Structure formats: C-alpha cells, structure tokens
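Chemist: here is my input; please provide its structure:
(chains A, B, C and D)
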Number of protein chains: 2
Amino acid sequence: MERIRQVMQQMITVSDEELNNFLSQAFTKTFKRQEIVSRPQVVPNEIFFMNKGLIRVVIADNAGQEHTIHFALEDQFISDYSNFMLQQPSFYTLQALEETEVIVLPRTAIDWGYKNLQEGEKMGRLIAEYYFIYQDNRIKNTYSRTPKERYDNIAAVFPNIHNRVPQHMIASYLGITSVHLSRLKKASR
Amino acid sequence: MERIRQVMQQMITVSDEELNNFLSQAFTKTFKRQEIVSRPQVVPNEIFFMNKGLIRVVIADNAGQEHTIHFALEDQFISDYSNFMLQQPSFYTLQALEETEVIVLPRTAIDWGYKNLQEGEKMGRLIAEYYFIYQDNRIKNTYSRTPKERYDNIAAVFPNIHNRVPQHMIASYLGITSVHLSRLKKASR
DNA sequence: GAAAAGTCTAAACATTTGTTATCGTTTAAC
DNA sequence: GTTAAACGATAACAAATGTTTAGACTTTTC
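Modeler: Numbering: from 1, shown residues only, chains lettered A, B, ... in the order given. Modelled structure (predicted):
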C-alpha cells in the first residue's frame, strides 16, 4: 500500500497513524485479464485504487451496444463514483483489461475517513474536484474538437494507451466506429 | 441573499453568524439580456450564484464556431469552475440570455469559507460532487442515448427550457445543428 | 507450436448529419 | 406601433459516418 500512501500524502496533510488506521480498513484484490471488476445494477459500495493494471469502464445503450467511456490507470481511483455517492445501482461495467491489482476502499472506510481524518473532507473535495476537471475537459473537447484531434491527443490523457488497449476500444471512447477511426488515420497519412 | 442562505443551509450545518460573515464578502450584480458575464482568456476569480435569470455557457472551436455547453438556472452556482480552481484563463463565455441577477462570490470569500466555516470543506466537497454527478450523467447520456432521446428529456435537466431558450441553442447543446433538430422533431410526428 | 480468437484495414454501399438558401412567422428594439 | 432582427421549418444537395463483409496479420490459449 505504498503508492496510495504517497498519493494521499500529496493531496492532504495526514499523519502516519491516521494513514495506518485508514488503510487498515482497506484490502488488496487482483483480477485476471478480461475479468469483471464491477457489474451494473448493483449499488457500488467500494472505491478502488489502481495499484497495477488497467480497467475500462463500459456502458450499454438501449440497443445493447457497449461503449467504452473511460480507462483507469495506475495510481488512480476508480468507481462508479456517482452511484457510489447516490447509493443507487450502477449503470457501468468495470472490466480489467490486464492482470490488475487494486486496493479496495469500502464505503465504511471512506465514511470513516471523512469523519476521522483531520483533512478527510478536504481530500474528498480534492478528489471530486480533480475528476470534475477531468470531466469538464472532456466535455469541452467533445464540443470543440474533432474525433481525429481527440485521437491525436489521447495519449496525453491516457499515457501509453496505444500499447495497452485495442484500437476499437479507443474508437468507442471517441464515440466513433473502429472502421471510421481507421479511415481517419489513413486520411492523415 | 435569501435563496443562497437556504441553499447553503440545505447543504451543511451553518450558523446565522457564519452565514452573515460569509455573505458580507459577497455582492449582487445584474446583467441585461445578451450581456457577457464572463469572458474567455481571463482567469475566473468568482463564482456566481443565480438569483434570477438564465446564463448560457459557450465555447468556441478552432473554426470559431460557438457551442452552447450549459445553461445555468435560478438557485444554481455557475462559473468556469475548472479554471477557477486551476487559476488559469477560461475557455468559456458566460452570457446572460435574460435579465439576470447574480450573487458574486469572489475567490477571497470562497477561500475564507473553506478555512473558517465549520463545514466549509464539506460544502466544497458537496458542490464538487453535485456537479460531478451532473457531468457524469451527461457523459453517460451522450454515449448511450441519441440526440433525439436527449432532446425529449432535456426539460428534466433544465426545467422550462423550451420557453426560455431558442431551439438552435438547445440543438447546439445536443451537439447537432438546428436544421437537424428540426428534422428529428418532424420525423417523430 | 497449432488452432482459435481477436485485431486492423479496406472497399462498397447505406444512412445520418451538415450546409446553404428561402420563406413565413415571431420577437425585440427604438 | 413600426421596423429590423431573430427564429423555426423545409428542401436540395454535399459531406461525414455507419454497416457489412472480406482478408491478412497478430495474439492468446491450450
């Protein structure tokens, strides 16, 4: 649990004792390639911290078509955070695309942290703000940039993504078909 | 400043005295129809609370085309919150579409609140979380629903929007042209 | 290491969406 | 109240994007 300590210490002022107490409520879990980490229609009661590996977040539309809407990389928190907060059933599937190790933070631990860590609320605010900025940036880009521009820039958001994720999932993330992405790449050669 | 008091009291436990001290650092400002509330390329140092009226948030793409990406209604907070936090120049234009009255919360007041309100950090977290959920929902919908479906549902997100905002701005928000929206409406008759 | 599954490109064709222009109507400004 | 501007629908055409199928290549699995 070394990396999560570092990440938390970068965000807030927190003593070793506080960290120990907080992390004693967490545990490690591993997933194989392709394994499902979290399923839709279940209330998410955990937040995951990515120790190793890669998780994609998927949503299905009314026609049953799957859309990849996010990739989670090392040192990041991942969850259906909305429905974790709302305590409502998730719409998302979380799937490990590589051998993945996460730290599981149960709701009880999160709530304990808000109450008992000196800067617990602040950490909650900073995480929410961090992901707000990520989402805002993303929405901004969908309006103001073409899929090709976003493709050309995607490694800035997800480092090394091209070597870790098949192109059709990237196309899905961009909101276009893999055939179309292939065409766009060809056109710029 | 009655409504902002109520909104804050619904979010956190806060004494009258705290509220008085906090709000004494805020002031009211009015804008006429079409007036610009906030401009791009300026660091946003204020968060606005909507007392009355309607503000749209606009971003321009590389081709100079404008896209309406958000509407702010009564009792909501509005700002380029990302760049407020990052203290970087905004990409957004905020424009009043109606006679609008806002409460201006300068950065100094916000920072004061985090420090000195008993539950200041918590309020920050709740606001960030609230808008996170809004954005998440929005991203979810862009992937899993058609523009027509989102059009049919838009009044759930922005009550009475059809009577307050011209259709081509709604089309812009949906990411389609006004001509196309007109076509979609016709097809479902 | 062989078989199976997955991946990317390509082409042909279908469908969706954008562009431009026009027209009748509504709304806003003086 | 009158005039100018804005608005929404529509049609014709152009461009962008999706669908389906096929084939070559790569990766995974046993």
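Chemist: chain B contacts on chain A?
Modeler: A:59-62, A:67, A:69, A:81-82, A:85-86, A:91, A:119, A:121-122, A:124-125, A:128-129, A:131-133, A:135-140, A:142-145, A:175 (CB under 8 Å from any CB of the partner chain). Glycine gets a C-beta too; all of them are placed from N, C-alpha and C.
Chemist: quick one, which of those are buried?
Modeler: Neighbour-count burial (16 or more other CB atoms under 10 Å in any protein chain shown) applied to the residues of chain A next to chain B gives A:59, A:67, A:69, A:81-82, A:85, A:91, A:119, A:121-122, A:124-125, A:128-129, A:131-133, A:135-136, A:138-140, A:142-144, A:175.
Chemist: tell me, which of the residues you listed make contact with DNA strand D?
Modeler: residue A:175 (CB under 7 Å from any atom of the strand).
Chemist: among the residues of chain A next to chain B, which are located in helices?
Modeler: A:81-82, A:85-86, A:121-122, A:124-125, A:128-129, A:131-133, A:135-140, A:142-144 (DSSP state H).
Chemist: correct me, but residue A:162 touches residue A:152?
Modeler: No: with contact defined as CB atoms under 8 Å, residue A:162 and residue A:152 do not form a contacting pair (11.2 Å).
Chemist: by mean pLDDT, which helix or strand of chain A comes out lowest?
Modeler: One helix or strand of chain A scores below all others by mean pLDDT, DSSP states H and E: helix A:120-144, with a mean of 93.
Chemist: just the strands in chain A please.
Modeler: A:27-31, A:36-38, A:46-52, A:55-60, A:66-72, A:77-78, A:92-96, A:100-106 (DSSP state E).
Chemist: can I get those strands in TSV including distance to residue B:106 and mean pLDDT?
Modeler: Converted to TSV, the strands of chain A look like this (distance: least, CB to CB, whole Å; pLDDT from 0 to 100):
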stretch	distance to residue B:106	mean pLDDT
strand A:27-31	44	96
strand A:36-38	41	96
strand A:46-52	33	97
strand A:55-60	37	96
strand A:66-72	34	96
strand A:77-78	31	96
strand A:92-96	38	97
strand A:100-106	36	97
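Chemist: for those strands, give me JSON lines that also has distance to DNA strand C.
Modeler: Putting those into JSON lines (distance: least, CB to the nearest atom of the strand, whole Å) gives the following:
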{"stretch": "strand A:27-31", "distance to DNA strand C": "17"}
{"stretch": "strand A:36-38", "distance to DNA strand C": "15"}
{"stretch": "strand A:46-52", "distance to DNA strand C": "20"}
{"stretch": "strand A:55-60", "distance to DNA strand C": "11"}
{"stretch": "strand A:66-72", "distance to DNA strand C": "11"}
{"stretch": "strand A:77-78", "distance to DNA strand C": "20"}
{"stretch": "strand A:92-96", "distance to DNA strand C": "12"}
{"stretch": "strand A:100-106", "distance to DNA strand C": "16"}
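Chemist: closest one to residue B:55 among those strands?
Modeler: Checking the strands of chain A against residue B:55 by CB to CB gives strand A:66-72 as the closest, at 28.1 Å.
Chemist: show me what the closest one is packed up against.
Modeler: Contacts defined by 3 or more CB pairs under 8 Å, 6 or more residues apart in numbering or on different chains; DSSP states H and E place strand A:66-72 against strand A:55-60, strand A:92-96, helix A:167-174, helix B:120-144.
Chemist: just the angle between it and strand A:46-52, please?
Modeler: Here strand A:66-72 runs at an angle of 70 degrees relative to strand A:46-52 (axes from the mean of the first three to the mean of the last three CA atoms, to 10 degrees).
Chemist: surely residue A:101 meets residue A:53?
Modeler: Yes: if you go by CB under 8 Å, residue A:101 and residue A:53 touch, sitting 6.1 Å apart.
Chemist: shared neighbours of these two, anything?
Modeler: The contact sets of residue A:101 and residue A:53 overlap at residue A:31 (CB atoms under 8 Å, 6 or more residues apart in numbering or on different chains).
Chemist: compare neighbour counts for the two and give me the winner.
Modeler: residue A:53 (21 against 16; other CB atoms under 10 Å in any protein chain shown).
Chemist: check the gap between that one and residue A:32 for me.
Modeler: Going from residue A:53 to residue A:32 by CB to CB, to the nearest Å gives 10 Å.
Chemist: any idea how many residues pack against residue A:95?
Modeler: 21.
Chemist: enumerate every residue touching the closest residue to residue A:31 other than its chain neighbours.
Modeler: Of all residues not flanking residue A:31 in the chain, residue A:96 sits nearest, at 4.0 Å (CB to CB, 6 or more residues apart in numbering or on different chains). Residues near residue A:96 by CB under 8 Å, 6+ apart: A:31, A:32, A:33, A:34, A:35, A:36, A:37, A:53, A:54, A:55.
Chemist: run a quick neighbour tally on residue A:186.
Modeler: 8.
Chemist: tell me the pLDDT of it.
Modeler: Residue A:186 carries a pLDDT value of 95.
Chemist: OK, contacts around residue A:92?
Modeler: Per CB under 8 Å, 6+ apart, neighbours of residue A:92: A:38, A:40, A:57, A:58, A:59, A:69, A:80, A:83.
Chemist: what's the distance between the second one and residue A:117?
Modeler: When distances are taken as CB to CB, residue A:40 and residue A:117 turn out to be 31 Å apart.
Chemist: name the nearest residue to the residue in chain A positioned nearest to DNA strand D, sequence neighbours excluded.
Modeler: Across chain A, the shortest distance to DNA strand D (CB to the nearest atom of the strand) belongs to residue A:180, at 3.3 Å. Nearest residue to residue A:180, sequence neighbours excluded (CB to CB, 6+ apart): residue A:171, at 7.0 Å.
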